[in-house]
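Engineer: I would like to see how this sequence folds:
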Amino acid sequence: MAFESHSAPPLDLESIRAQFPSLASDWVFMDNAGGAQVPRVVVDRISDYLLGDNVQLGASYAPSQHSKAKVDAGRRAVATLVNAQHVEELVFGPSSTIQFRLLADAMASQFAPGDEIIVTNTDHESHIGPWRRLQARGVKLRFWNCHPETLELELDSLAELLNERTKLVCVTHVSNLLGTINPIKKIAAMAHDAGARICVDGVAFAPHRAIDVQDWDVDYYGFSLYKVFGPHHAVLYVKKECLLELDSIYHHFFTKDQIPGKVEPGNPNYELTYSATGILEYLTSLSPKDDGVSLRNRLEDAFDRIATHEAKIGKKLIDYLNQKERVRIIGRADADIDKRVATISFIVEGSQSDDIVRRIDDAKVGIRYGDFYARQLAEDLGLIEIQGVVRVSMVHYNTEDEVDRLIQALDAVL
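Structural biologist: A predicted model of the protein is given here:
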């Protein structure tokens, strides 16, 4: 569905930006795929925990019980964010990179020599490397490569890879280099029909659209809270039946039914887990409060508004880039709201990407160059020798005026 025919009520950008102290800076933040800014309510939750109930969970005395209540509230908030059926399906950890690595370790005993895992060449290395390590156990890795011209992951190609030996399909929901949204619900259905499970890297999707693990019927889904206006912490959703099957990677006395603790070595970070309540409060504040509407429905409405705004500012930049003869967008060259997010990468003929970005720095517009750990894709596309792509990654607090400022800076460079 094209952007023009798919719109939600506008966001109150002035009110939104007032909630982010860092946005009062002279800088424009357009490197959000690397890490988004944080609203005050999230920081307040962290302070509230550390200055109020900063004790270990599990004791009988009141402050410990208060601490547990706050951490539990953080888990419930993330359950709402992803629409999990059970709060214990959420595993917290320091980063998505570590979460996927620990998941692979906890799944390792489920694979036998000759089993196959499908990965894509559009994924972040964090979602390829952990599965690559299982090759030492005789597991075969098969690459689902995007089309060399459209750079799309085609379902027909996946169908050709799936067979009776396929045990797991690993795919990114949105490529952090291409910005393309992959049809996860369809991919999950194909994997399940083949008798396999599906693991999704949702890091580059989570700031832009509502996650719904139940509707998509995914088995594993990971993302980073610091990409979703929170602190440096991460969440891995694991469907309960799959979570119970995982080996414990914690202390030897943790049994398989001790979930999610058996795959949270050292426990989650308490204050950062609690701060997820602030993320949910902030996001739902973008939708009008109505006592008859659930938090989940308000969240979905908020993300509809976010998507519409981001498509508008994304279109403004894409239309500009499409007019430049030397510029080639890497990924979709349109702002189709159903097919891409406002993470836009491009290269400039005859130029090194790092040179372009460093010259934009002078305008105090924060963008980035590189492969963004999508190293396999960057190598396949021959981007390494030009220092990768120039990436502009916008979120809902970015404005049209900021896009104009970037365009003005690009005009001086291009």
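
Engineer: following the longest helix anywhere in the chain, which helix or strand shows up next?
Structural biologist: Identified as the longest helix of the chain according to DSSP state H is helix 295-322. Per DSSP states H and E, the first helix or strand lying C-terminal to helix 295-322 is strand 327-329.

Engineer: picking up where we left off before, going by neighbour count, which residues in the longest helix of the chain are buried?
Structural biologist: 295-296, 298-318, 320-321 (16 or more other Cβ atoms under 10 Å). C-beta coordinates here come from the backbone N, C-alpha and C atoms, glycine included.

Engineer: Regarding residue 385, what is its secondary structure?
Structural biologist: helix (DSSP: H, G, I helix; E, B strand; the rest coil).

Engineer: Kindly provide the distance from it to residue 371.
Structural biologist: 11 Å (Cβ to Cβ, to the nearest Å).

Engineer: Pick out whichever of the two has more residues nearby.
Structural biologist: residue 371 (22 against 8; other Cβ atoms under 10 Å).

Engineer: what's the nearest residue to residue 273 if we skip its chain neighbours?
Structural biologist: residue 74 (3.9 Å; Cβ to Cβ, 6 or more residues apart in numbering).

Engineer: The one you found looks like it's in a helix, true?
Structural biologist: Yes. Checked against three-state DSSP, residue 74 lies within a helix.

Engineer: Run through the residues that contact it.
Structural biologist: The contact partners of residue 74, by Cβ atoms under 8 Å, 6 or more residues apart in numbering, come to 273-277.

Engineer: Go through those and name the one nearest residue 51.
Structural biologist: When these are ranked by distance to residue 51 (Cβ to Cβ), residue 274 comes first, at 12.2 Å.

Engineer: Which pLDDT value belongs to that closest one?
Structural biologist: Note on residue 274: pLDDT of 98.

Engineer: Give the burial count for residue 275, as a bare number.
Structural biologist: By other Cβ under 10 Å, neighbour count at residue 275 equals 27.

Engineer: What sits closest to it if chain neighbours are left out?
Structural biologist: That would be residue 45: by Cβ to Cβ, 6+ apart, it lies 4.2 Å from residue 275.

Engineer: That neighbour reaches residue 278, doesn't it?
Structural biologist: Yes. With contact defined as Cβ atoms under 8 Å, residue 45 counts as touching residue 278 (4.1 Å).

Engineer: and the gap between residue 103 and residue 202?
Structural biologist: In terms of Cβ to Cβ, residue 103 sits 13 Å off from residue 202.

Engineer: My guess is residue 206 contacts residue 226. True?
Structural biologist: No. With contact defined as Cβ under 8 Å, residue 206 does not reach residue 226; the gap is 10.5 Å.

Engineer: Counting neighbours, go ahead and name the busier of these two.
Structural biologist: residue 206 (26 against 20).

Engineer: which one is the more buried one nearest to, not counting chain neighbours?
Structural biologist: Nearest to residue 206 is residue 223, by Cβ to Cβ, 6+ apart, at 4.1 Å.

Engineer: Could you report the separation of the one you found from residue 245?
Structural biologist: 22 Å.

Engineer: which one of these two has more residues nearby?
Structural biologist: Applying other Cβ under 10 Å to residue 223 and residue 245 shows that residue 223 carries more neighbours, namely 26 against 15.
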